[in-house]
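Q: what follows is a predicted protein model with its sequence.
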Amino acid sequence: MKASELKTKSVAELKNELKELLRAQFSLRMQLSTQQTNKTHEIRKVRRDIARVRTVMHATKSQAGN
């Protein structure tokens with residue numbers, strides 16, 4: 001997911017995206033702990049996507065405040 005794609009979304013859509021990513025992260029962590037997966041690279045991707053969404057949300061919030 002690219003930041004440019006996220007910038008076009010509304011705040012509600014960003015919140016939904018964040019919620020889905022957090023669920024995916026939890027699911028991947030549980031799969032890893034129970035040794036059901038070996039896709040450790042997916043955890044890193046999801047974690048970085050979460051950071052991107054939060055960054056865009058913070059940027060839009062600060063722009064709205066100005």
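A: Here it is on my side, so go on. On a predicted model such as this, the values are computed, not experimentally measured, just so you know.
Q: can you check the pLDDT for Asn66?
A: With respect to pLDDT, Asn66 has a value of 67.
Q: Thr8 now?
A: Model confidence at Thr8 (pLDDT) stands at 89.
Q: which phi and psi does it have?
A: When read as degrees, to the nearest 10, the backbone of Thr8 gives phi -80, psi -10.
Q: so who does it touch?
A: If you count contacts by C-beta atoms under 8 Å, 6 or more residues apart in numbering, Thr8 has none. Quick note: C-beta positions are derived from backbone N, CA and C, even for glycine.
Q: separation between it and Thr60?
A: Distance, Thr8 to Thr60, by C-beta to C-beta, to the nearest Å: 11 Å.
Q: off-centre distance for the longest helix along the chain?
A: Counting by DSSP state H, the longest helix found in the chain is helix 40-65. The chain centre lies 6 Å from the centre of helix 40-65; the measure is C-alpha atoms, centre = their mean, to the nearest Å.
Q: how about stretch 35-44?
A: 16 Å.
Q: stretch 32-48 now?
A: Using C-alpha atoms, centre = their mean, the offset of stretch 32-48 from its chain centre is 14 Å.
Q: and it, which residues are buried?
A: Glu42, Ile43, Val46 (16 or more other C-beta atoms under 10 Å).
Q: the last one contacts Arg29, correct?
A: No - here Val46 does not reach Arg29: they are 9.5 Å apart, not a contact under C-beta atoms under 8 Å.
Q: the residue nearest the centre of the chain and Leu28, how far apart?
A: Geometric centre of the chain, nearest residue: Ile50, 2.4 Å, by C-alpha atoms, centre = their mean. Taking C-beta to C-beta as the measure, Ile50 falls 12 Å from Leu28.
Q: also Arg54?
A: For Arg54, the distance to Leu28 - C-beta to C-beta - is 18 Å.
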